[in-house]
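In: Model the structure of this input:
(one chain, ligands or ions: 2)
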Amino acid sequence: MSLKLLKNEQHLDLNSMKELPDSYAWSSVADGSPTSCGSEPVPVINLEDPDAMMHVGHACKTWGVFQVMNHGVPMMVLDDMEASGRKLFSLPVHQKLQAARSADGVSGYGVARISSFFPKLMWSEGFTIIGSHYEHAQKLWPHGCTHFCEVVEEYKKEMNKLVNKLMWLILGSLGITKGDIKWASPTGELKEACPVLQLNSYPACPDPDRAMGLAAHTDSTLLTILHQNNTSGLQVQREGTGWVTVPPIRGALVVNVGDLLHILSNGTYTSVLHRAIVNRTQHRLSVAYLYGPPSNVRISPLSKLTDSFHPPLYRPVTWSEYLGTKAKHFNKALSIVRLCAQMNGFVDVNDHNSVLVG
Ligand SMILES: O=C(O)CCC(=O)C(=O)O
Ligand SMILES: [Fe+2]
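Out: Numbers count the residues shown, from 1 in each chain. Ligands and ions are numbered 1, 2, ... in the order given. Sure, this is the predicted structure:
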């Protein structure tokens with residue numbers, strides 16, 4: 001198959017498909033661990049609860065994911081971002097391709113970035129924003145992208161405030177204080193990393209049982225904050241239970257522990273394996289705010305959490321080094337940066353090395 005054909009096939013207009021093309025037909029969506037209906041639900045935490053820190057710590061340890069309510073992000077900011085995302089994905093394919101992600105780039109429009117690890121295509125399209133979004137937005141809306149840019153700016157500002165709040169709750173639950181974090185200012189403000197906004201669109205699918213919206217993965221972040229519209233599709237894997245759906249709750253945000261928090265906490269807080277499935281009738285949309293440390297910071301297990309009985313399980317890595325490892329080894333990245341278990345005699349039960357995907 002020529003490269004040109006392959007490229008076109010990767011950008012089919014999913015909204016107009018009446019049948020699932022073979023290139024999108026997965027044999028293993030309903031396989032492996034079952035989707036669990038009657039299981040314990042993913043924790044929902046009220047951030048105004050005086051015990052929020054304890055609940056957050058418990059959720060990070062036992063699930064690696066939770067939902068937050070009363071988080072301080074105005075509902076209008078979430079609604080505006082969702083509406084802008086919807087507007088973006090409803091543009092004609094040829095127009096979205098004006099802002100296509102380049103072969104070696106990350107920003108822009110395209111298929112799921114993890115697609116290269118799988119033989120089949122995913123039933124989704126994405127738009128990734130790193131740093132300035134103006135250039136890409138202008139390609140999408142040459143006659144005026146001010147509204148989109150303002151909405152994205154406001155969303156990023158609110159997410160940055162929330163990520164600070166969440167990080168300190170999480171770190172506090174580990175007994176970590178401001179002086180222990182190299183990239184925090186004396187007032188506790190976490191220095192702004194280069195945040196990434198990932199917009200995901202999952203059109204209604206003619207054969208959802210054989211299609212995959214976004215294949216199972218962990219995020220390469222410290223934390224991910226996800227807004228999903230009112231259509232469910234996000235599932236997280238829970239040891240001994242299988243896939244558990246994270247139901248959309250109006251106004252709530254989903255928080256995922258990423259691989260870098262897993263490393264920082266020396267494996268105490270587990271990065272959660274998650275995926276997105278699709279459905280026959282509804283278009284699903286999600287917006288992920290991917291939070292990582294500033295580029296010069298090396299993440300390693302916090303010294304307060306290690307001693308001779310609990311030696312560091314991971315070697316220090318910067319965010320970009322880790323992203324490089326992930327781009328090469330995908331879900332094995334965490335075990336690649338792990339210090340030899342046999343040597344120090346400790347086993348991290350949360351290691352995803354054994355998880356088979358694709
Ligand atoms: O759409 C979702 O619910 C999941 C999105 C996601 O996992 C991601 O963007 O990393
Ligand atoms: Fe994710």
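In: The helix of greatest length in the chain packs against which elements?
Out: As assigned by DSSP state H, the longest helix anywhere in the chain is helix 146-173. Counting contacts by 3 or more C-beta pairs under 8 Å, 6 or more residues apart in numbering; DSSP states H and E, helix 146-173 packs against helix 52-62, helix 75-89, helix 134-140, strand 196-202, strand 223-228, strand 284-291. C-betas here are computed from N, CA, C, even on glycine.
In: For residue 259, which of those is the nearest?
Out: strand 223-228 (10.4 Å; C-beta to C-beta).
In: now the angle from whatever helix or strand comes next after that closest one to helix 52-62?
Out: Using DSSP states H and E, the helix or strand that follows strand 223-228 in sequence is strand 234-238. Angle, strand 234-238 to helix 52-62, by axes from the mean of the first three to the mean of the last three C-alpha atoms, to 10 degrees: 70 degrees.
In: State the separation between whichever helix or strand comes after strand 234-238 and the centre of the chain it belongs to.
Out: Sequence-wise, the next helix or strand downstream of strand 234-238 (DSSP H and E) is strand 242-245. In terms of C-alpha atoms, centre = their mean, to the nearest Å, the centre of strand 242-245 is found 16 Å from the chain centre.
In: ok, the helix or strand that strand 242-245 is followed by near ligand 1 or not?
Out: Once the chain leaves strand 242-245, the next helix or strand it forms, by DSSP H and E, is strand 253-257. No: judged by C-beta under 6 Å from any ligand atom, strand 253-257 makes no contact with ligand 1; its nearest approach is 7.3 Å.
In: Quick check: next helix or strand after strand 253-257?
Out: Counting by DSSP H and E, the next helix or strand C-terminal to strand 253-257 is helix 259-264.
In: is ligand 1 contacted by the helix or strand following that next one?
Out: Helices and strands here follow DSSP H and E; after helix 259-264, the next one along the chain is strand 274-276. Yes: contact of strand 274-276 with ligand 1 (C-beta under 6 Å from any ligand atom) involves 274, 276.
In: hang on, residue 175 packs against residue 304?
Out: Yes: the criterion here is C-beta atoms under 8 Å, and residue 175 meets it with residue 304 at 6.4 Å.
In: hang on, the earlier thing: could you pull out the buried residues of the longest helix of the chain?
Out: Buried residues in helix 146-173, counted by 16 or more other C-beta atoms under 10 Å: 148-149, 151-152, 154-156, 158-160, 162-164, 166-173.
In: what's the angle between it and helix 52-62?
Out: Using the same axes, to 10 degrees: helix 146-173 against helix 52-62 is 90 degrees.
In: chain center to helix 146-173: distance?
Out: 15 Å.
In: still on that earlier bit, return the member of the helices and strands packed on helix 146-173 having the minimum mean pLDDT.
Out: Lowest mean pLDDT within the helices and strands packed on helix 146-173: helix 134-140, at a mean of 85.
In: Tell me the residues of the stretch 251-358 of the chain that contact ligand 1?
Out: 274, 276, 286, 288.
In: one more time with 5 Å, if that's ok
Out: 276, 286, 288 (C-beta under 5 Å from any ligand atom).
In: returning to what we had before: as TSV, the helices and strands packed on helix 146-173 with mean neighbour count would be great.
Out: Listed next are the helices and strands packed on helix 146-173 as TSV, based on neighbours: other C-beta atoms under 10 Å:
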stretch	mean neighbour count
helix 52-62	19
helix 75-89	18
helix 134-140	18
strand 196-202	23
strand 223-228	23
strand 284-291	25
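In: Which among those is found nearest to residue 22?
Out: strand 196-202 (19.5 Å).
In: Partner strands of the closest one and their direction?
Out: strand 125-130 (antiparallel), strand 284-291 (antiparallel) (DSSP bridges).
In: Next up, the contacts around residue 268.
Out: Going by C-beta atoms under 8 Å, 6 or more residues apart in numbering, residue 268 touches 60-61, 174, 305.
In: Tell me the one of those nearest ligand 1?
Out: Distance to ligand 1, by C-beta to the nearest ligand atom, is smallest for residue 60 among the contacts of residue 268, at 17.1 Å.
In: roughly how far apart are the nearest residue to that closest one once chain neighbours are set aside and ligand 1?
Out: Leaving aside its sequence neighbours, residue 60 sits nearest to residue 269 (C-beta to C-beta, 6 or more residues apart in numbering; 3.9 Å). Distance, residue 269 to ligand 1, using C-beta to the nearest ligand atom, to the nearest Å: 18 Å.
In: do the same with residue 132
Out: 20 Å.
In: Let me know the secondary structure of residue 187.
Out: Three-state assignment for residue 187 (DSSP: H, G, I helix; E, B strand; the rest coil): coil.
In: Now do it, the pLDDT please.
Out: 86.
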